[in-house]
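S.K.: Build me a model from this:
(chains A and B)
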Amino acid sequence: MKTQYQRAWLFVTPVLLLVAFNALIPMMTVVNYSVQETFGDNLFFWQGLDWFEQVLRSERFHNALGRQFLFTFLILIIEVPLGVAIALAMPRKGFWVPVCLVTMALPMLIPWNVVGAMWNIFTLPDIGLLGYLMNHTLGIPYDMTQDPVAAWVTIIVMDVWHWTSLVVLLAYAGLVSIPYAYYQAAEIDAASNWAVFRYIQLPKMKTVLTIAILLRFMDSFNIYTEPFVLTGGGPGNSTTLLSIDLVKIALGQFDLGPAAAMSLIYFAITLLASWLFYTLMTKNDNKS
Amino acid sequence: MAQIKLSGLRHSYRPDPQGEADYALKKIDLTWEDGGAYALLGPSGCGKSTLLNIISGLLVPSEGKILFNDQDVTSLAPAKRNIAQVFQFPVIYDTMTVYDNLAFPLRNRGRDEDVVERRVTAIAEMLEVTEMLKTRASNLSPDNKQKISMGRGLVREDVNVVMFDEPLTVIDPHLKWKLRSKLKELHQRVRATMIYVTHDQTEALTFADQVVVMQDGEVVQIGTPVELFERPAHTFVGHFIGSPGMNVLPCEMKDGAAFFGGERVVLEGPAEVGGAAEIGIRPEFVSLSSNGTGIAARVRKVADIGRHKVVEAIVHDTRVHAILEGEAPNAGDAVRLDFKPSQTRLYKDGWLTSRPGEGTR
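M.R.: Residues are numbered from 1 along each chain as shown, chains lettered A, B, ... in the order given. I've put the predicted structure just below:
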């Protein structure tokens, strides 16, 4: 149906202005850089789509993108099931509910660079609690500044520690909203625990889990601060994720054109993946 | 199918009940006969849902026993009791089709797929949902969802008792009547013991052969709808059933005769109590006297509710309702009221004390 209420546009204007100033206008400058070359002195030369072509053909970009997908895939596959499992194990009423909720929320309240610094110290081979324990007590060689595998394990574990709570809290919210009668009916229907999870809890959690996965996807795909503080992208380039690589190009090498092109490609990938995922997850809801 | 016996049942939600007030259920002794249609009627919070959950095994009573065919099931899990329960809000498994919903209780119990198909088809036929079997259950309307919940209860052939916990709460009024008659029809076809919990007297009286009226965790009366209407065992039942409820009038007992505001009222029969008591008479049995006898009253309000008129009259500051057919007086008129002696009962401390017999004139 077509609505004729034109005045609505007036009320949207403040939001449009706000979004324009904090997102659209800065982004247009990036678009501007991405098609030009500069040698300083505010002199710009038209470059067309060369930078985009260069980025898309560059092996360095392919590798960073591959690492980025691997990282996001690993943390999603760990955090989502783990978060759901913890939410299922949490008490539904009584004294322990607020205790669990607050404990769960704590890691999320810590600033991201502090998380990176904490884990950096935590894993130092000779003085960090974990590093010392691994190397000197258990005798397992562990040094994330030297060993790429150790570095990867560390950033994954750090992200799981930092963000599983988000999945837990969302899943828990979905779980407590299930009316008790569902469990009673399932009990009478002789449903197994697995059947209760599969046919009652999981369907009722679907909406919040969609949001949880979407948020975790976007955040982990754009992650910068924590791995930057923890490993700085090393050893070598082994933990150089897309954002770290981008900052290296933009601020380290000061290649503004290629960096701008890369950030636009980066943005397009994130947007496309989120849109695809959301559309697929909610496709069945509108069918009747 | 089974006879269900509750013996010495008490339940408190507190771990350390101190006095009577801490008990949601106060001592219940009750037998539900095999194949009966029962209603459990009472106001919200009277303990009827608690009682239901104890029978289904979702709650374990603080004291007492539940017997199914003389077998003690007090500590048995709900799945083992072979009972079915339909809840206030329809419980359906969203991701399954209607067919899978109905098949769920059978599949969980490991029945063969051909048995499942036979039962589901039969139940769908009975509930008139055959053409919906392939649709996803989440897309159904609330009344159809509730039908599916009922169907999941009835699909097992050996079910001991089917319990309904205010099942029509979320159903549109015009569909309530349809579902109610469907339920009655189902009871006649499957002959399972059915217990229907409600606070709606119409639902209870139309569904049940026997109605159990509860108040404050106690059973006040068990009887057929006619018995509850004609001889309420307690003034609460008189109030709760009927619209408007029974007139309960304060009276004085002297030498076996009842005096209401100084005037003598003829009772249905003898009542051996003295002092202050209450006369109970249904508005249906109060009429206007045409020959100058009867109790003097003043009409305060007349409500025309279609088939008959409800007259509210004042006698000695006490309100008396009368249901009249045809001609009715106007507000403000002085009238005389006649109580039908065979329907005039005496209550002492709320409980019925008069016995039917020769009127004490």
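S.K.: what are the ranges of the strands in the stretch 51-200 of chain B?
M.R.: Under the criterion DSSP state E, counting those that start in this stretch, the stretch 51-200 of chain B contains strands at B:63-68, B:71-72, B:83-86, B:161-165, B:193-198.
S.K.: so what strands line up beside the third one?
M.R.: Right, the one you point to is strand B:83-86. Here strand B:83-86 is paired, per DSSP bridges, with strand B:161-165 (parallel).
S.K.: how many neighbours does residue 275 have?
M.R.: I went with chain A, as the question did not name one. Using other CB atoms under 10 Å in any protein chain shown, the number of residues around A:W275 comes to 11. Every C-beta, even on glycine, is put in place using the N, C-alpha and C of the backbone.
S.K.: Wait, chain B was what I had in mind.
M.R.: Neighbour count for B:G275, taken as other CB under 10 Å: 8.
S.K.: Tell me who's in contact with it.
M.R.: Counting by CB atoms under 8 Å, 6 or more residues apart in numbering or on different chains, B:G275 touches B:E252, B:M253.
S.K.: What pLDDT is listed against it?
M.R.: Listed pLDDT for B:G275 reads 82.
S.K.: which residues touch B:T318?
M.R.: B:L249, B:P250, B:G261 are the contacts of B:T318 under CB under 8 Å, 6+ apart.
S.K.: Buried ones only from those residues, please, as a ChimeraX command.
M.R.: Buried subset of the contacts of B:T318, written as a ChimeraX selection, criterion 16 or more other CB atoms under 10 Å in any protein chain shown:
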select /B:249
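S.K.: related to what we said a few turns ago, most tightly packed of the strands of the stretch 51-200 of chain B?
M.R.: Highest mean neighbour count among the strands of the stretch 51-200 of chain B (mean count of other CB atoms under 10 Å in any protein chain shown): strand B:83-86, with a mean of 28.
S.K.: List of residues touching that strand?
M.R.: By CB under 8 Å, 6+ apart, the list of residues contacting strand B:83-86 reads A:184-185, A:188, B:52, B:55-58, B:105, B:146, B:149-150, B:152-154, B:156, B:159-165, B:167.
S.K.: For it, what is the distance to the chain centroid?
M.R.: Averaging C-alpha positions (CA atoms, centre = their mean, to the nearest Å) puts strand B:83-86 18 Å from its chain's average.
S.K.: for the record, mean pLDDT for it?
M.R.: Average pLDDT, strand B:83-86: 87.
S.K.: export that strand as PDB, just CAs?
M.R.: Extracted C-alpha coordinates of strand B:83-86, given in PDB (Å, rounded to 0.1, in the frame of the first residue of the first chain):
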ATOM      1  CA  ILE B  83      -1.600 -38.500  31.400                       C
ATOM      2  CA  ALA B  84      -2.200 -35.600  29.100                       C
ATOM      3  CA  GLN B  85      -2.500 -31.900  29.900                       C
ATOM      4  CA  VAL B  86      -3.700 -29.000  27.900                       C
END
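S.K.: quick one, strands of the stretch 1-150 of chain A?
M.R.: A:36-38, A:44-46.
S.K.: Enumerate the residues of the stretch 1-150 of chain B near chain A.
M.R.: B:53, B:56, B:58, B:77-79, B:83-85, B:87-89, B:91, B:93-96, B:104-105, B:108-109, B:139, B:149 (CB under 8 Å from any CB of the partner chain).
S.K.: buried set for the longest helix along chain B?
M.R.: If you go by DSSP state H, chain B has its longest helix at helix B:173-190. Buried residues in helix B:173-190, counting neighbours by 16+ other CB under 10 Å, are found at B:L175, B:K176, B:L179, B:R180, B:K182, B:L183, B:L186, B:H187, B:V190.
S.K.: Check what pLDDT A:K287 gets.
M.R.: The model's pLDDT for A:K287 equals 49.
S.K.: what separates the residue nearest to the spatial centre of chain B from B:L205, distance-wise?
M.R.: Most central in chain B under CA atoms, centre = their mean is B:L41, positioned 2.9 Å from the mean C-alpha point. From B:L41 across to B:L205, the span is 8 Å (CB to CB, to the nearest Å).
S.K.: Please apply the same query to A:I75.
M.R.: Taking CB to CB, one finds A:I75 at 62 Å from B:L205.
S.K.: Which helix or which strand is home to the closest residue to B:P225 other than its chain neighbours?
M.R.: Nearest residue to B:P225 in three dimensions, chain neighbours excluded: B:L205, at 4.2 Å (CB to CB, 6 or more residues apart in numbering or on different chains). In this assignment (DSSP states H and E), B:L205 forms part of helix B:201-207.
S.K.: can you list the weak-confidence ranges in the chain?
M.R.: No chain in the question, so chain A it is. A:1-3, A:284-288 (pLDDT under 70).
S.K.: wrong one, chain B
M.R.: In chain B (pLDDT under 70), the answer is B:1, B:358-361.
S.K.: could you pull out the helices for it?
M.R.: Counting by DSSP H, the helices of chain B are B:48-56, B:78-81, B:98-108, B:113-127, B:142-154, B:173-190, B:201-207, B:225-230, B:235-240.
S.K.: Among those, which comes closest to A:P203?
M.R.: Nearest to A:P203, of all the helices of chain B, is helix B:98-108, at 12.5 Å by CB to CB.
S.K.: Tell me which residues of that closest one come out buried.
M.R.: Buried residues in helix B:98-108 (16+ other CB under 10 Å): B:V98, B:Y99, B:D100, B:N101, B:L102, B:A103, B:F104, B:P105, B:L106, B:R107.
S.K.: ok, of these, which one's closest to chain A?
M.R.: The closest of those to chain A turns out to be B:P105 (CB to the nearest CB; 4.2 Å).
S.K.: Near the nearest residue to that closest one once chain neighbours are set aside, how many other residues are there?
M.R.: If the residues on either side of it in the chain are set aside, B:P105 comes closest to A:D189, at 4.2 Å by CB to CB, 6+ apart. By the criterion of other CB under 10 Å, A:D189 has 27 neighbours.
S.K.: Over to the one 10 residues further on?
M.R.: Other residues near A:Y199 come to 22 when the count uses other CB under 10 Å.
S.K.: Also A:W96?
M.R.: Neighbours around A:W96, by other CB under 10 Å: 12.
S.K.: one step back: what's the helix holding B:L205 in contact with?
M.R.: The contact list for helix B:201-207 (CB under 8 Å, 6+ apart) reads B:37, B:39-41, B:168, B:176, B:180, B:183-184, B:187, B:194, B:196, B:198, B:211, B:225, B:228, B:240-243.
S.K.: Now with 10 Å, please.
M.R.: For helix B:201-207, the external contacting residues (CB atoms under 10 Å, 6 or more residues apart in numbering or on different chains) are B:37-42, B:164, B:166-168, B:176-177, B:180-181, B:183-184, B:187, B:194, B:196-198, B:200, B:211-213, B:224-226, B:228-229, B:240-243, B:245.
S.K.: again, but for stretch A:6-13
M.R.: Residues from elsewhere that reach stretch A:6-13 (CB under 10 Å, 6+ apart): A:L16.
S.K.: before we move on, the earlier item: narrow the contacts of B:T318 to those in strands?
M.R.: Those of the contacts of B:T318 mapping onto strands are B:L249, B:P250, per DSSP state E.
S.K.: show me the contacts for B:K182.
M.R.: Contacts of B:K182 by CB under 10 Å, 6+ apart are B:M126, B:L127, B:E128, B:D143, B:K147, B:M150, B:L175.
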